[in-house]
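Peer 1: Here is a sequence together with a model predicted from it:
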Amino acid sequence: MAKIPMPQTKQRGPSAIRPMDVRTSKLFLTLNFVLRILALVILPSSFAAADEGTDFFEAKIRPVLVEHCYACHSADAARAKKLKGDLLLDTRDGIRKGGESGPAVVPGKVKESVLISAIRHESFEMPPKGKLPEAVIADFVKWIEMGAADPRDGTSVVKKYEIDIEAGRKFWSFRPLAEVAVPQVRDAKWPRGEIDRFVLSKLEENSLAPLAVAEPRDLVRRLYFDLLGLPPTLEEIDRFLAAAQRDREGAVAALVDELLKSPHFGERWGRHWLDVARYGESNGAPKNNNQWFAAWRYRDYVIASFNADKPYDQFLREQIAGDLLPYDNDAQRDEQLMATAFLALGSKPDGNVRMDVLAEQLDTVGRSLLGIAIGCARCHDHKFDPVTTHDFYAMAGIFNNTGVNDDAPIVPATRGRSPEGKKRLAIEGAAFATMHSVTTKLEDALAEAGLMKLPDESWQDSLQRYPNAGQRAKLEPLLADLAKAEAELEKLLASPPAEIVDTMSATDRLAPGNKQDLQVRIRGNEDNLGDVVPRGIMQVLYTGDAPEIPAKSSGRLQLAEVLEHHPLAARVMVNRVWHHLFGRGLVRTVDDFGTMGERPTHPELLEWLAGRFVADGYSLKQTVRRIVLSRAYQLTAADPPSDRYRQVDSDNALLWRHSPRRLDGEALRDSILCVSGSLIRRPPTRFENDLHAFRMTDARTLDRLDFRTVFLPVHRGARIDLLAAFNFPPSDLVIGRRETPSVPTQSLFLMNSPLVLEHANRAALRLLNSAATDEERVQLAYSLFFGRSATADEQQEGLVFLGQTSAAGDGRLAQRQVWAEFCQALFCSAEFRFLR
C-alpha cells in the first residue's frame, strides 16, 4: 500500500504535525490498523438528556408561560371564555398541537415552532403587552433545540391537586432509614460481603448468574480512573499485577487504600461534586457575563474536603451555613466561609432579579442535597411532590436574608474576631501608612524639584531633568525615610501576617433583628403579591412542631441542621457514589428522588448503604472502599455468554457484569497529557490560579495549560473544545448524571484537535527517546495508551503502518512525524476513550 499523502501545510516548528483534510482522512481510515482501533461503541444517553431538559423547563420555561401566557392560553382562560386563537399552552399536548396558526412548539425544530416567531414579534406579537427580554427568548430557543422536554400531562393546568404532607412523608425516599436484613443466597461462596449478597439475590430471582471477575490488568485501570481520574503508570500496573498474582484480594485492598490517600482522589471526586454545585466562574448573563476571579477557592475547598474525608454531614452544613458556624481557629473559619460559595455560584440573569436568584438557590439546594425539585413551587404547588407554594416562599425567605459576595475578604482580622488577627492587621496597616506617607512626601518633593511623574503607560527610560545639589539635599531625608520603610517591610515579609485573599461567599445580609419575610408572588408574578409567609422549612422534611427560626436569624443554620440529618441526604449521596462507580445509580434519576423519579433497582441495598454511610460517620471514602472491594464492582465488562442476559436485563440494571463506560472529558484530556508525559500533577499555585482566572475567556489558551482539567477555569461562555465535544455539563444546572454518548463526530474531532495533534507530537518524542527499535516502541505505545501489551496482530499492523508512512522522508523530524501520526491514531481509538 502506498504511503499516505499529507496536505502541504506550513511547518510551525519541530513539534508541528498537520491536521488531516477529508481526502487524507479517508485514505488514513482505509488502513486495517486504523479501522481496528477506530471501532465505535454507542451508549445510550436519553435518560440524562431528558433529566436536563426537564430541569431546564422547570427553571426557565414554565415560570414564563405561567406569568405571560396562561391568562389567554389555558384551560382557566377557556372556562372564562377568554381563550385566544384556540391555543392552550398549559399542557404538553396543547403546546405541541397548537391552535389556529399551527403547532406552537415542534421539538428540535425552532423554525417550525410558531411560539418562537410569536415571542420574537415576527408573526404575532406575543405577549401583546410587550416583547420578552432577549435572554428569555434565547431560553425558549434553547429549550426547543434540546427537545422541548415537558413533564405536564392532562388538559388543564388548574386541576385541583391537594398536597398531602403526611402522605408525602410516607413516600419511600422521605421515610426514616430502616434496618435492612442482608438476604440469603443460594450460591453462598460467591459473595465477598453484604453488597454482593444484595446483588446476587436479585440475579438469582431472575435466574441469572454474574459473569467472572475482571482481569487484574483491566481492574487496575478501572480503579485508577474511578478513584483518581488518571491512568496508572507502567510501574504501578506492574507492581499491582505482581501483588495480585500472589494474593488478588489483598492486592486490591492495598491498592484501594493507597488510592484513597492520594491527593488526586479529591481532584476526581471533587469534580463530581462541582457538577452538582453548578460550578462556574462567571455569572452567565447574556449581556454582561462578568467573571468571578475568586471562585476557584471554592473548587479548592471542595477538593481539600474530599481528600480529608470530611464527614458529609459537616460538608453539607458548611455549604448552607458555614459563615454561621463556630470555629476553633482562623483557618477553620476561612474554610467554612469559602464553603458558602455554594449558594453564590449560580448563574445570574441580566439585572440579577432577586426572585430568580432565590429560586435558583432553592432548586440547587433541593436537587443537589435531597434530589427534590423545589423551584417549580414558585408559581404553584408542586404537581407531583409534597412541596407547596407556602414551602417555597418560607424557604425563599431564608435566602432572601442572605447576601452573596463575589469577592469577600476572608482574612480573620477584617472582622476583629481574633486577637492574633487584630495584631496582624495593625502591623499591616502601620506598614501601609508608613509607605503611603513616605511615597506621597517623596512625590511632592520631586515635583518641587521639577521632576515630573509620568503616567504608567507613557513611561520611558528618561527623566525631564536632574536635581541640582540643593534639590538633592531636600530629598535626602525622604530617601532615608523610604529606606527605613523598606527595612520595615522586609521585616514584615520575613514573618508575614495572614494573607488577605478574596473568596465568593454567602453571609446574612441584614442587621440582626431586621430580618424580612417574603410575600407570595401569585403565579410567580412579581407584581401580584399575596400573603406574607414566615421564614420556615419545607413541611415534608420534619415531623411534629416546625423547627424554630429565631427572629434575629436568617434561618440558614436551622435549615442546615434539618438537611444534614434527613435520610434523603444520605440516600442521595450514596446513590451518587454508586452512579460514579457503576455508570448508573441504584436510582437512575440521581437528581430526582421524587414521585416522577425512577424507583431504585435494589431498594434494600440502597437503604443498607445509606445506613452504613451514617454509621460510618458520613465517610465518603469508607463508602467508596466498601463498594469497590465488592465482587459486584470487580466483575468483567465482557459480553454475556448467551442472549438471555440481554433479553432479561438489556441495560444491565441487575449488575450481571460491569458496564463499559466512556471516559468523561476531564479524564480523557488528563489521559492525553499523561501519555505524552506533559501532565503537571500538582495543583496550581495561588498566583497561577489568579493568572488563569484573568485568562478564563480564552479557552484556546487555557487548553494549552498542562494542569489537570479540574484546575482550569470554567467560564460560562468559553468552554474548552474537547470538553464541549465530550459532554461537559452546563454549569447553570444541577447535573448529577452526565450524558456519555459515543458518536462518530468525537473521533473526527480528535483527529483534528490541536490539543491531540500537539500531544501526539510529544508522545512521539517520548517513544523515540525511550525505546531503541520500532518493535519496542510499538509495545511501549500500547502500554502507555491502553495499559496492556500489543497483540501479535497489532504489533504487525503498527509496523506496517510505520513502514508505509516512513517514505515521507528521512531524518529525525520525518521520523517524529510518522510516530506522531501513529500516536494520533491511538488517541482517536475507542479503546483509549473507554473504560472496561
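Peer 2: On my side now, so go ahead. Keep in mind it's a predicted model, so treat the numbers as computed, not measured.

Peer 1: residue closest to the middle of this protein?
Peer 2: residue 275 (2.4 Å; CA atoms, centre = their mean).

Peer 1: distance of it from residue 738?
Peer 2: 7 Å (CB to CB, to the nearest Å). To be clear about C-beta, it is placed using only N, CA and C from the backbone, and glycine gets the same treatment.

Peer 1: ok, now residue 304?
Peer 2: Counting by CB to CB, the gap from residue 304 to residue 738 is 24 Å.

Peer 1: swap in residue 250?
Peer 2: From residue 250 to residue 738 the distance is 34 Å (CB to CB).

Peer 1: So which of the two has more stuff around it?
Peer 2: Taking other CB atoms under 10 Å, residue 250 and residue 738 do not tie; residue 738 has more neighbours (18 against 11).

Peer 1: which stretch of helix or strand covers the more buried one?
Peer 2: For residue 738, there is no helix or strand it lies in under DSSP states H and E.

Peer 1: swap in residue 519?
Peer 2: strand 518-521.

Peer 1: Which strands or helices does that strand pack on?
Peer 2: helix 389-400, strand 529-533 (3 or more CB pairs under 8 Å, 6 or more residues apart in numbering; DSSP states H and E).

Peer 1: quick revisit: find the residues that touch each one of residue 275 and residue 738.
Peer 2: residue 729 (CB atoms under 8 Å, 6 or more residues apart in numbering).

Peer 1: Quickly list the domain ranges of this protein.
Peer 2: As assigned by automatic domain parsing, the chain contains the domains 22-30+748-835, 46-145, 311-410+505-564, 419-456+465-500.

Peer 1: between the ones you listed, which gets nearest to residue 570?
Peer 2: domain 311-410+505-564 (7.9 Å; CB to CB).

Peer 1: Out of the helices and strands packed on strand 518-521, which one sits most buried?
Peer 2: helix 389-400 (a mean of 25; mean count of other CB atoms under 10 Å).

Peer 1: Show me what that helix is packed against.
Peer 2: helix 354-365, strand 518-521, strand 529-533, helix 556-564.

Peer 1: same thing but 6 Å
Peer 2: The helices and strands touching helix 389-400, judged by 3 or more CB pairs under 6 Å, 6 or more residues apart in numbering; DSSP states H and E, are helix 354-365, strand 518-521, strand 529-533.

Peer 1: Quick one: work out the angle between it and helix 556-564.
Peer 2: 120 degrees (axes from the mean of the first three to the mean of the last three CA atoms, to 10 degrees).

Peer 1: Could you list the residues in contact with helix 389-400?
Peer 2: Outside helix 389-400, the residues that touch it by CB atoms under 6 Å, 6 or more residues apart in numbering are 358, 361-362, 377-378, 381, 517-518, 520, 533, 535-536, 538, 554-556, 559.

Peer 1: again, 8 Å this time
Peer 2: 343, 354-355, 358-359, 361-362, 374-375, 377-381, 516-521, 533-540, 549, 554-556, 559.

Peer 1: And stretch 355-363, by the same measure?
Peer 2: So stretch 355-363 is contacted by 58-59, 63, 343, 346-349, 373-375, 378, 392, 395-396, 399-400, 404, 521, 524, 526, 734 (CB under 8 Å, 6+ apart).

Peer 1: cool, and stretch 89-107?
Peer 2: By CB under 8 Å, 6+ apart, stretch 89-107 touches 65, 69-70, 73-76, 85-88, 112-115, 118, 123-124, 144, 147-148, 150-158.

Peer 1: Next, check those against the helices and list the overlap.
Peer 2: The members of the contacts of stretch 89-107 that map onto helices under DSSP state H are 65, 75-76, 114-115, 118, 144.

Peer 1: what ranges do the helices span in the stretch 651-800 of the chain?
Peer 2: All helices of the stretch 651-800 of the chain, identified by DSSP state H, counting those that start in this stretch, fall at 665-675, 686-694, 699-703, 721-725, 744-752, 754-770, 774-786, 792-805.

Peer 1: so how many other residues sit close to residue 363?
Peer 2: So residue 363, with other CB under 10 Å, has 25 neighbours.

Peer 1: What pLDDT does the model give it?
Peer 2: For residue 363, the pLDDT comes out at 93.

Peer 1: Residue 103 and residue 70, how far apart?
Peer 2: Counting by CB to CB, the gap from residue 103 to residue 70 is 19 Å.

Peer 1: ok, the two, which is more surrounded?
Peer 2: When neighbours are counted by other CB under 10 Å, residue 103 and residue 70 differ, and residue 70 comes out ahead with 19 against 16.

Peer 1: quick one: that one and residue 78 touch, right?
Peer 2: No - under the criterion of CB atoms under 8 Å, residue 70 makes no contact with residue 78, lying 10.9 Å away.

Peer 1: quick one on the thing from earlier: could you pick out the buried ones from the contacts of stretch 89-107?
Peer 2: 65, 69-70, 73-76, 85, 87-88, 113-115, 118, 124, 144, 148, 150-152, 157 (16 or more other CB atoms under 10 Å).

Peer 1: ok, which stretches of the chain are strands?
Peer 2: 402-409, 502-508, 518-521, 529-533, 661-662, 834-835 (DSSP state E).
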